[in-house]
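> need the 3D shape of this:
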Amino acid sequence: MRFAPSPTGYLHVGGLRTALYNYLFARKHHGTFILRIEDTDRSRYVEGAVEGLIAMLRWADLEFDEGPGKSGAFGPYVQSERLATYRSHGEELLAAGHAYRCFCTPERLDEMRREREKLKLPPKYDRRCLHLGSAEIREHLDKGSPFIVRMKVPDSITVRFHDIIRGDVEFSSDQLDDQVLMKSDGYPTYHLANVVDDHLMNVTHVIRGEEWLSSTPKHVLLYKSFQWELPEFAHLPLLLNPDRSKLSKRQGDVAVEEYRAKGYLKEALVNFVALLGWNPGTEQEYFQLEELVGQFTLERVNKAGAIFNVEKLNWLNAEHLRRKSDDELLAILRDELTKSRFAGRTFSDAMLLRVIEAMKPRVSFPGDFVDQASYFFEAPVVYDKDVVRKRWNHETPAQLAKLAEEFSSLAGSSASDYEAALKKTAEQLGTGNGTLIHAVRLAISGVGGGPGVYDILSILGKEESLKRIQSAIERIQVS
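This next block holds a predicted model:
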């Protein structure tokens with residue numbers, strides 16, 4: 001199995017799915033997962049794209065067995081380094097009469113396309129050069145006229161192949177253009193290069209996106225022209241926006257790098273992408289990579305387009321984050337702190353583990369540990385105005401002062417100690433527990449929500465909690 005991206009920019013989430021399905025199939029069947037860089041379209045080549053693609057595959061734990069930078073029996077794995085191979089196979093097709101040289105100029109081809117458009121004919125080459133005699137061809141070659149090599153598509157035959165996902169597929173050859181196989185610059189097109197490489201690299205299964213389905217009959221004809229055995233084909237469904245339009249940059253993020261930058265975990269993104277068109281036949285939705293390897297089958301990939309549901313991705317991200325071990329979460333939280341304004345400050349593992357325990361049910365992204373609970377790492381200096389308006393009145397300062405007295409006399413600093421002290425104070429003041437709970441939460445965190453207030457008090461400790469209560473009493477003013 002191979003993943004064969006073009007280095008034209010970032011790794012698209014659709015590309016990640018193609019890579020993932022190839023990886024899962026290879027691992028399940030003890031095959032080889034090859035990364036091949038298809039860079040024959042030099043006009044679209046982006047510097048650094050190959051390194052970016054490899055980095056994203058490795059980030060997602062989709063390590064390839066053979067490919068750029070790795071030894072293998074079928075290298076090199078970058079197509080621009082295999083030009084002699086393609087040229088020799090192009091010559092073989094010419095000699096066998098399965099291809100021909102086309103000397104038409106770009107201007108002539110543009111004019112032909114415009115004329116066919118006016119006549120509402122499909123944009124096919126009119127085969128002028130197919131009928132050139134040997135003397136004309138020799139004259140062009142002697143003059144050094146630039147040419148391309150086109151495939152000679154047989155007339156009026158039915159091209160049939162089996163697709164694992166779509167079943168039996170057939171096309172009329174009359175619908176097919178005489179595809180360009182070799183360009184005038186000596187580079188092959190995708191069509192020739194991918195067929196030659198798949199055969200020479202012993203690729204048994206070609207798993208790729210639906211957009212290549214219409215090109216497959218051309219590839220089938222090439223396999224037959226070379227008298228090679230066909231691989232198994234599997235064309236994956238399109239990725240769609242919720243409005244069922246094709247997933248595109250215009251309607252949201254499509255680059256794997258963008259999802260990583262936003263805090264999506266690799267495990268969650270891989271889990272989500274696996275379910276874009278495939279299901280295990282059960283209600284299970286949460287998967288680790290190893291589980292996907294065990295359960296994945298191409299036969300359970302759907303033909304219909306797959307909706308890219310960001311809400312489901314967010315849910316999976318939360319699930320994967322919450323199911324991580326304390327040691328993993330501690331490392332994640334420390335990493336987030338180094339990227340925040342708290343970088344350089346010292347926090348004990350014991351304290352951070354308590355923050356993790358309190359916040360774990362409430363976070364969906366690693367950054368939430370810091371962004372949603374900054375009060376664990378510094379005292380608030382501003383207070384939520386809506387909460388102040390709703391939960392703070394002229395009696396609140398005196399009530400919190402009384403509560404602070406009770407807290408200061410505590411022998412312990414557990415959540416239950418604070419709870420008992422608050423209930424005792426509320427009873428003495430003749431007010432409800434909720435009145436003090438909301439007020440003290442605002443005082444120590446600056447906000448109106450979060451983990452249980454007794455847990456926050458216990459994590460902050462008595463000294464810090466008392467300082468924050470006193471600061472709130474002095475800072476918060478009500479009219």
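> list the buried residues of stretch 276-287.
Neighbour counts over stretch 276-287 (16 or more other C-beta atoms under 10 Å) mark 276-278, 280, 287 as buried. (C-beta placed from N, C-alpha, C; glycine too.)
> kindly apply the preceding question to stretch 291-299 instead.
Going by 16+ other C-beta under 10 Å, stretch 291-299 has these buried residues: 292-293, 295-296, 298.
> what is the nearest of those to Cys104?
Cys104 lies nearest to Leu298 out of the buried residues of stretch 291-299, by C-beta to C-beta, at 41.1 Å.
> what's opposite Phe161 in the beta bridge?
On the basis of DSSP bridges, Phe161 is bridged to Val169.
> against Ala421, how distant is the residue located most distally from the centre of the chain?
Here the chain reaches farthest from its C-alpha mean at Gln428, the gap being 57.4 Å by C-alpha atoms, centre = their mean. Note on Gln428: its distance to Ala421, by C-beta to C-beta, to the nearest Å, is 11 Å.
> what about the stretch 51-200 of the chain, any weak spots by pLDDT?
For the stretch 51-200 of the chain, no stretch is flagged by pLDDT under 70.
> just the strands in it please.
99-102, 148-151, 158-163, 167-172, 180-182 (DSSP state E, counting those that start in this stretch).
> can you say which two of the buried residues of stretch 276-287 are spatially most distant?
Most distant of the buried residues of stretch 276-287, by C-beta to C-beta, are Gly277 and Phe287, 14.4 Å apart.
> how far away is Val310 from Leu213?
27 Å.
> between these two, who's got more neighbours?
The residue with more neighbours, out of Val310 and Leu213, is Leu213; 17 against 13, by other C-beta atoms under 10 Å.
> spatially nearest residue to the more buried one, not counting backbone neighbours?
Spatial nearest neighbour of Leu213, excluding adjacent residues (C-beta to C-beta, 6 or more residues apart in numbering): His235 at 4.5 Å.
> hmm, that neighbour is touching Arg166, no?
Yes: counting by C-beta atoms under 8 Å, His235 does reach Arg166; the two are 6.3 Å apart.
> what touches both of these two?
Taking C-beta atoms under 8 Å, 6 or more residues apart in numbering as the contact criterion, the common neighbours of His235 and Arg166 are Leu213.
> the two: who's more crowded?
It is His235, of His235 and Arg166, that has more neighbours when counted by other C-beta under 10 Å, with 22 against 16.
> and the helix or strand containing that one, what does it pack onto?
If you go by DSSP states H and E, His235 is part of strand 232-236. On a contact count with 3 or more C-beta pairs under 8 Å, 6 or more residues apart in numbering; DSSP states H and E, strand 232-236 meets helix 13-28, strand 158-163, strand 205-209.
> any chance of TSV for those, columns mean neighbour count and distance to Ala401?
Formatted as TSV, the helices and strands packed on strand 232-236 follow (neighbours: other C-beta atoms under 10 Å; distance: least, C-beta to C-beta, whole Å):
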stretch	mean neighbour count	distance to Ala401
helix 13-28	23	55
strand 158-163	15	76
strand 205-209	21	67
